[in-house]
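Asker: Turn this into a structure:
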Amino acid sequence: MSRRGVIVTTVLGVLVAAALLIASLGAPLVIVSRPVNTDAASRAPALTLPPLPTPSTTTTSSTGPAQGTSSLSAIFGVLLAVLGVAVAVLIISLIVAAIRSAFRRPSLTSHTEATFAAPPVPDELLGGARKRLELLETGEPRNAIVAAWLDLERAAGETGLPRDRAETSTEYTARVIGVWEVDPARLGDLAALYREARFSVHPLDEGHRRRAIDDLAVLHADLERVARAQREATVPDGSGAPS
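Answerer: Take a look at the predicted model:
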């Protein structure tokens, strides 16, 4: 059941519980009563009974069953109230969870601050460079471009970087690679070639394949350059050491 269905069902349960509580606290209704035979009562002779002695210290209670019914009604009302509170807490928890999930966003965003440091280039993006170029050079241009981009998507997904629920896999891959200093025009052109190869019906020729190979080669070279600069930045600089 969806979250909306759970909330609707819970609200209906609260309304039913409230109706039962109100009904239990009301006065009992007489559903069936025996009719009184007025003719027989008028023909019966009147009987005169001697007066009964009035007890001075003890009284007879005739409200025992009524008191028992009132006690059961009170207990039932308390149980319904507790149930209503529990259901209300559940509804509030579901609403808070829905609000949090609606406003939660992945931590991977585009940064333009001068102090932002890009994370290390994952090996998943660098290790499959040769394989992706081989895929581009094999088979029909359309199938080759699709296969190479899907391998790039797989590598981007293996980096573990979060994906926004509102973006497509192509947008996610372009955003992941765009975290590092790569040529944005080449990245955009390669993504456009993939969409054209995947969703268009017109034929693709060797010119499309050549564009995809050039784009991917530039992106791989950019990632290698960034990774090399990151490795060099982590090596201690001994130039300032005394000779």
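Asker: For the chain, which residues score under the pLDDT cut-off?
Answerer: Low-confidence regions of the chain, defined here as pLDDT under 70, cover residues 1-68, 96-118, 235-243.
Asker: Do you have the helices of it handy? List them.
Answerer: Assigned by DSSP state H, the chain shows helices spanning 3-25, 38-43, 64-103, 123-127, 129-136, 141-158, 169-177, 184-199, 206-234.
Asker: Can you convert those into a markdown table and add a column each for mean neighbour count?
Answerer: The way it works is simple: take the backbone N, C-alpha and C, and place the C-beta from them, glycine included. Rendered in a markdown table, the data for the helices of the chain read as follows (neighbours: other C-beta atoms under 10 Å):
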| stretch | mean neighbour count |
| --- | --- |
| helix 3-25 | 13 |
| helix 38-43 | 8 |
| helix 64-103 | 12 |
| helix 123-127 | 15 |
| helix 129-136 | 17 |
| helix 141-158 | 20 |
| helix 169-177 | 19 |
| helix 184-199 | 16 |
| helix 206-234 | 15 |
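Asker: I figured Asp183 was touching Val218, is that so?
Answerer: Yes - under the criterion of C-beta atoms under 8 Å, Asp183 is in contact with Val218, at a separation of 5.4 Å.
Asker: From Ser73, how far out is Leu90?
Answerer: 26 Å (C-beta to C-beta, to the nearest Å).
Asker: wait, what's in contact with Gly139?
Answerer: Counting by C-beta atoms under 8 Å, 6 or more residues apart in numbering, Gly139 makes contact with Ala147.
Asker: next one: the one 3 residues further on
Answerer: Contact criterion C-beta under 8 Å, 6+ apart gives Ala197, Pro203, Leu204, His208 as the residues in contact with Arg142.
Asker: for these, which one is nearest Val179?
Answerer: When the contacts of Arg142 are compared for distance to Val179 (C-beta to C-beta), Ala197 comes out closest, at 24.8 Å.
Asker: And for the closest one, nearest residue in space, chain neighbours not counted?
Answerer: Nearest residue to Ala197 in three dimensions, chain neighbours excluded: Ile145, at 4.2 Å (C-beta to C-beta, 6 or more residues apart in numbering).
Asker: how far away is the one you found from Ile75?
Answerer: Taking C-beta to C-beta as the criterion, Ile145 is separated from Ile75 by 73 Å.
Asker: what does Ile177 give?
Answerer: Distance check for Ile177 against Ile75: by C-beta to C-beta, it reads 66 Å.
Asker: likewise Val87?
Answerer: Where Ile75 is concerned, Val87 sits at a distance of 19 Å (C-beta to C-beta).
Asker: same deal with Glu232?
Answerer: Plainly put, Glu232 is 77 Å away from Ile75 if you go by C-beta to C-beta.
Asker: residues touching the spatially closest residue to Trp180 that is not a sequence neighbour, list them.
Answerer: Excluding the flanking residues, the one nearest Trp180 by C-beta to C-beta, 6+ apart is Val226, at 4.7 Å. With C-beta under 8 Å, 6+ apart as the criterion, the residues that contact Val226 are Ala118, Val121, Trp180, Glu181, Val182.
Asker: ok, 7 Å please
Answerer: For Val226, the set of contacting residues under the criterion of C-beta atoms under 7 Å, 6 or more residues apart in numbering consists of Val121, Trp180, Glu181.
Asker: How about Thr170?
Answerer: By C-beta under 7 Å, 6+ apart, the residues touching Thr170 are Ala191, Tyr194, Arg195.
Asker: Mind putting the residues you listed into CSV with distance to Arg165?
Answerer: As requested, these are exported to CSV (distance: C-beta to C-beta, whole Å):
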residue, distance to Arg165
Ala191, 19
Tyr194, 21
Arg195, 20
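Asker: and of those, the nearest to Glu134?
Answerer: For the contacts of Thr170, the nearest to Glu134 is Tyr194 (16.9 Å; C-beta to C-beta).
Asker: So the closest one is in contact with Asn143, correct?
Answerer: No - here Tyr194 does not reach Asn143: they are 11.6 Å apart, not a contact under C-beta atoms under 7 Å.
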